[in-house]
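Test case, fold it:
(2 chains)
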Number of protein chains: 2
Amino acid sequence: MSQLLRVQNFTVSSDGIAAGAHQSFESPFGLDHGDLLAWAGATASWPNRTEPGGSRGLDDYFARDFAHNIGAEIMGRNKFGPQRGPWADHEWLGWWGDEPPFHTPVFVMTHYERPSFTLGDTTFHFVGGEPTAVLEQAKEAADGKDVRLGGGVTTVKEFLDADLVDTLHVVVSPVTFGSGLRLWESPDELLDRFHLDVVPSPSGVTHHLFWRK
Amino acid sequence: MSQLLRVQNFTVSSDGIAAGAHQSFESPFGLDHGDLLAWAGATASWPNRTEPGGSRGLDDYFARDFAHNIGAEIMGRNKFGPQRGPWADHEWLGWWGDEPPFHTPVFVMTHYERPSFTLGDTTFHFVGGEPTAVLEQAKEAADGKDVRLGGGVTTVKEFLDADLVDTLHVVVSPVTFGSGLRLWESPDELLDRFHLDVVPSPSGVTHHLFWRK
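Numbering: from 1, shown residues only, chains lettered A, B, ... in the order given. Predicted structure coming up:
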């Protein structure tokens, strides 16, 4: 089985917006992202769950598939942190505390060099270059497993434009933002290249499952 | 996280029938089971797939979740083979050829003793006793992971009656059999003890996801 590049649990508003225009340390997504991720937070498999319980229905299948057969992640620099331009220092280690939820090598795309570091069982590498070259490195590090394309939205669009994405799971949440960074005007934009299953969840979100034609 | 007992990918007809009354070597399910499992056979993750391709939509999530975090399986003797009564010999090694798709210890429930054997990376143990005692052995063998309750239908009902099942994924296929071994008259029978998500798939089957209240 060949290695896939997979987008998973990527959540957008009903108007296709994944992040606000004005990211900051206080607001990693530049908008009230709590609403967007409520579907995942309600599941038994949500990695940040601190109390027992949670649903084990449809949404839970997607929450627990997050790490399944994934050997590496690629993310954009804006998912990693709010800084822009050259690294002022190397003190910022991501948003995720001492135990980042990736548990694999993570390739952070940036034009500015920075040494790799390890936190818990996640190692962050900082890489420049085209999507094709970054994907090649990530596949090699994934050791036969698939690679997750973690976002943000600009990075997902960049890899879609380069036609490197094999499967996408996009969750459409019943909130509306009006403005921000947009994944799509409509999921139909991808139908020339992908099959699509549209699966409404009893929780109110609608799972969109794309795979290559 | 506690260990769960999970029923997965268990497929019944629209009238709730999982197997025919007359199992034989030629007809392991006692009816034309090909129709029942067509949904799984069409997925990319179907373990018996011999050609590349297959869907990566909703049904594929369930197909690939089959082995996810599973450390042991419990099955009834009728899932293991068509024999009844004492073992005439030990030549029957199951329906699955040299590489059974379980890859874990499997506990076959039978009143008749038989030595364990290993085929590929699956070891079959033959155990008597009540469901509670069998589950205890399987959980110990699963080494912290969940236990799959593999069927057949009589075994699933026995564990449901003993209130030992934590989650059930039952696939209702759009075929009708009229007679045979029945899981339920209606999924509503389980609603006193379980939450239920009902998820129609674009493929035509309807996934029923139960988890304990």
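
Is stretch A:139-154 positioned near chain B?
No. Shown here: stretch A:139-154 not in contact with chain B (C-beta under 8 Å from any C-beta of the partner chain), separated by at least 11.0 Å. To be clear about C-beta, it is placed using only N, CA and C from the backbone, and glycine gets the same treatment.

Just the buried residues of that stretch, please?
Residues of stretch A:139-154 classed as buried under the neighbour-count rule (16 or more other C-beta atoms under 10 Å in any protein chain shown) are A:139, A:141-142, A:145-154.

Helix or strand next in line after the host helix or strand of residue A:125, which one?
Under the criterion of DSSP states H and E, residue A:125 resides in strand A:122-127. Proceeding N to C from strand A:122-127, the next assigned helix or strand is helix A:131-142, under DSSP H and E.

what angle separates that next one from strand A:122-127?
150 degrees (axes from the mean of the first three to the mean of the last three C-alpha atoms, to 10 degrees).

Restricted to strands, list the buried residues of stretch A:139-154.
If you go by DSSP state E, the buried residues of stretch A:139-154 have A:146-151 in strands.

ok, of those residues, which one's closest to chain B?
Nearest to chain B among those, counting by C-beta to the nearest C-beta, is residue A:146 at 11.0 Å.

JSON lines please, covering the ones in strands among the buried residues of stretch A:139-154 and showing pLDDT.
Compiled in JSON lines, those are given as follows (pLDDT from 0 to 100):
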{"residue": "A:146", "pLDDT": "98"}
{"residue": "A:147", "pLDDT": "98"}
{"residue": "A:148", "pLDDT": "98"}
{"residue": "A:149", "pLDDT": "98"}
{"residue": "A:150", "pLDDT": "96"}
{"residue": "A:151", "pLDDT": "91"}
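
ok, the residues you listed vs residue A:196, which is closest?
residue A:149 (17.6 Å; C-beta to C-beta).

need the contact list for that closest one.
The contact partners of residue A:149, by C-beta atoms under 8 Å, 6 or more residues apart in numbering or on different chains, come to A:5-7, A:73-75, A:155-156, A:159, A:165.

one more time with 6 Å
A:5, A:7, A:74, A:159 (C-beta atoms under 6 Å, 6 or more residues apart in numbering or on different chains).

Which ones among the residues you listed also lie next to chain B?
Taking C-beta under 6 Å from any C-beta of the partner chain, there is no overlap between the contacts of residue A:149 and the neighbourhood of chain B.

Count residues in the vicinity of the nearest residue to residue A:47 once chain neighbours are set aside, would you?
Take residue A:47 and drop its neighbours on the chain: the residue closest to it by C-beta to C-beta, 6 or more residues apart in numbering or on different chains is residue A:101, 4.6 Å away. Neighbour count of residue A:101, defined by other C-beta atoms under 10 Å in any protein chain shown: 14.

Same question for residue A:81.
Residue A:81 has 17 neighbours, counted by other C-beta under 10 Å.

thought it was touching residue A:92?
Yes. At 4.9 Å, residue A:81 and residue A:92 qualify as touching, with contact defined as C-beta atoms under 6 Å.

Tell me the residues of chain A that contact chain B?
Counting by C-beta under 6 Å from any C-beta, chain A sits next to chain B at A:56-58, A:61, A:68, A:167, A:197, A:199, A:202, A:209, A:211.

taking the contacts of residue A:149 one by one, which sit in helices?
If you go by DSSP state H, these have residue A:159 in helices.

Could you identify the most distant pair in the contacts of residue A:149?
A:7 and A:74 (10.2 Å).

which one of the two has more residues nearby?
residue A:74 (28 against 21).

That one: what's it in contact with?
Neighbouring residues of residue A:74 by C-beta under 6 Å, 6+ apart: A:107, A:134, A:138, A:149.

Show the pLDDT at it.
What the model reports as pLDDT for residue A:74 is 98.

Residue A:165 now?
98.

Could you check how far it is from residue A:142?
15 Å (C-beta to C-beta, to the nearest Å).

top strand in chain A by residue count?
If you go by DSSP E, chain A has its longest strand at strand A:5-13.

Pairing partners for that one, with directions?
If you go by DSSP bridges, strand A:5-13 pairs up with strand A:146-151 (parallel), strand A:167-173 (parallel).

Let's check: the centremost residue of chain A is which one?
residue A:150 (2.6 Å; C-alpha atoms, centre = their mean).

re the thing from before, roughly how far does the residue nearest to residue A:47 sit from chain B?
15 Å (C-beta to the nearest C-beta, to the nearest Å).

in which helix or strand would I find that residue?
Using DSSP H and E, no helix or strand contains residue A:101.

Can you read off the pLDDT for it?
92.

Spell out, range by range, the strands that occur in chain A.
A:5-13, A:17-19, A:70-76, A:105-109, A:117-119, A:122-127, A:146-151, A:167-173, A:181-182, A:194-200, A:206-212.

Can you redo the ones you listed as a markdown table, where the extra columns are distance to residue B:18?
Below are the strands of chain A laid out as a markdown table (distance: least, C-beta to C-beta, whole Å):
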| stretch | distance to residue B:18 |
| --- | --- |
| strand A:5-13 | 32 |
| strand A:17-19 | 42 |
| strand A:70-76 | 34 |
| strand A:105-109 | 44 |
| strand A:117-119 | 48 |
| strand A:122-127 | 43 |
| strand A:146-151 | 33 |
| strand A:167-173 | 30 |
| strand A:181-182 | 46 |
| strand A:194-200 | 24 |
| strand A:206-212 | 27 |
